[in-house]
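J.: sequence plus the predicted model coming up.
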Amino acid sequence: MYLMLGTRPNIAYSVGRLARFAHNPSKKHFQHLCRIFGYVNATTNFAIIYKKSGKLPIGACDADLGGELATGHRRKSTSGSLFLLAGGLVSWSSKLQKTIAVSMMEAEYISLFSTGKQAIWIRNSFEAVSIQLQAPLRVWCDNQAAIAVANCEGTHEAKKHIDIKYHYIQQLVEKQLIEVAYIPTENNPADILTKCLTGRIFGCALTSSNLTGVADIVESLDSQPSSASDTPQTDSPNPDVSASVYVDAHD
């Protein structure tokens, strides 16, 4: 848990899943935990890369739909959110939602709400050291319907049952404190925080989050441009051995 909170967002989903069984673990859960330990041991050279940049922090959010099947949390969804600054991750979260979402739009909208609150905390942190952010913070989301609701464009029928507190995100957009932008699912780095992924997609998420091996960092210092695009790049996925951890920890 300490590693996941401090420097290892790539195990956040798996650790979060296993933590839900901490009160009554089985032999199978212990086996999954050993696999996570094996993955951590095999990737001790991984590091989050930060680059000199004058760009604003950028956020991303994602959610699954009813993926939790454990007793007591059945059919609840998982929210994932992260923020990048200077090209590297500075904040990430993978949490079970408190209510059962009845649609993919609702699950993503709840995740947007959580990400919006974190965006305000980041803005306040900058202001605490006398740095004023003039532009809204961009938050990526891969669900067009959730973006429409956040921008007050969704239909009343689709959102009339949603708890009023989640519409806080609309106020943040209206005040131009954040802006919600669409990103294709295959390019969304927050996907790593919400569900099991194949090795290729998992590697792409690590690459777009600038989480890679130290040897790769040294090798790429001269080849990488000094500035990167706002949209995460997934052309050169980082080979990874953790796909089995994510698949097995989903049981």
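T.: That came through, no problem.
J.: would you tell me which helix is longest in this structure?
T.: Once the chain is assigned using DSSP state H, the helix that runs over the most residues is helix 104-128.
J.: which elements pack onto it?
T.: The contact analysis (3 or more CB pairs under 8 Å, 6 or more residues apart in numbering; DSSP states H and E) places helix 104-128 against strand 58-63, strand 78-85, strand 88-96, strand 137-141, helix 144-150, helix 156-159, helix 168-174, strand 178-182. In short, each C-beta sits where N, CA and C put it, glycine included.
J.: of the ones you listed, which is nearest residue 121?
T.: Among the helices and strands packed on helix 104-128, strand 88-96 comes nearest to residue 121, with 8.4 Å by CB to CB.
J.: what mean pLDDT does the closest one get?
T.: Averaging pLDDT along strand 88-96 gives 89.
J.: contacts for that strand?
T.: 9, 12-13, 16, 20, 48-51, 57, 68, 73, 76-84, 114, 118, 122, 193-194, 209-211 (CB atoms under 8 Å, 6 or more residues apart in numbering).
J.: using neighbour counts, trim those to the buried set.
T.: With burial judged by 16 or more other CB atoms under 10 Å, the buried subset of those is 9, 12-13, 16, 48-49, 57, 68, 76-84, 114, 118, 122, 193-194, 209-211.
J.: re the thing from before, so which bits of the longest helix of the chain are buried?
T.: In helix 104-128, counting by 16+ other CB under 10 Å, buried: 104-116, 118-119, 122-123.
J.: now the helices and strands packed on helix 104-128 as JSON lines including distance to residue 128?
T.: Output for the helices and strands packed on helix 104-128, formatted as JSON lines (distance: least, CB to CB, whole Å):
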{"stretch": "strand 58-63", "distance to residue 128": "19"}
{"stretch": "strand 78-85", "distance to residue 128": "15"}
{"stretch": "strand 88-96", "distance to residue 128": "15"}
{"stretch": "strand 137-141", "distance to residue 128": "16"}
{"stretch": "helix 144-150", "distance to residue 128": "26"}
{"stretch": "helix 156-159", "distance to residue 128": "34"}
{"stretch": "helix 168-174", "distance to residue 128": "19"}
{"stretch": "strand 178-182", "distance to residue 128": "18"}
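J.: in terms of mean pLDDT, which of those ranks lowest?
T.: helix 156-159 (a mean of 70).
J.: residues touching that helix, excluding its own?
T.: 103, 105, 106, 109, 145, 149, 167.
J.: list the buried residues of it.
T.: Under 16+ other CB under 10 Å, the buried positions of helix 156-159 are 158, 159.
J.: send me that helix as CSV with only the CA atoms.
T.: Extracted in CSV, the C-alpha atoms of helix 156-159 (Å, rounded to 0.1, in the frame of the first residue of the first chain):
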residue,chain,number,x,y,z
HIS,A,156,-32.5,15.6,-18.4
GLU,A,157,-33.7,12.0,-18.7
ALA,A,158,-30.1,10.7,-18.5
LYS,A,159,-29.1,12.7,-15.4
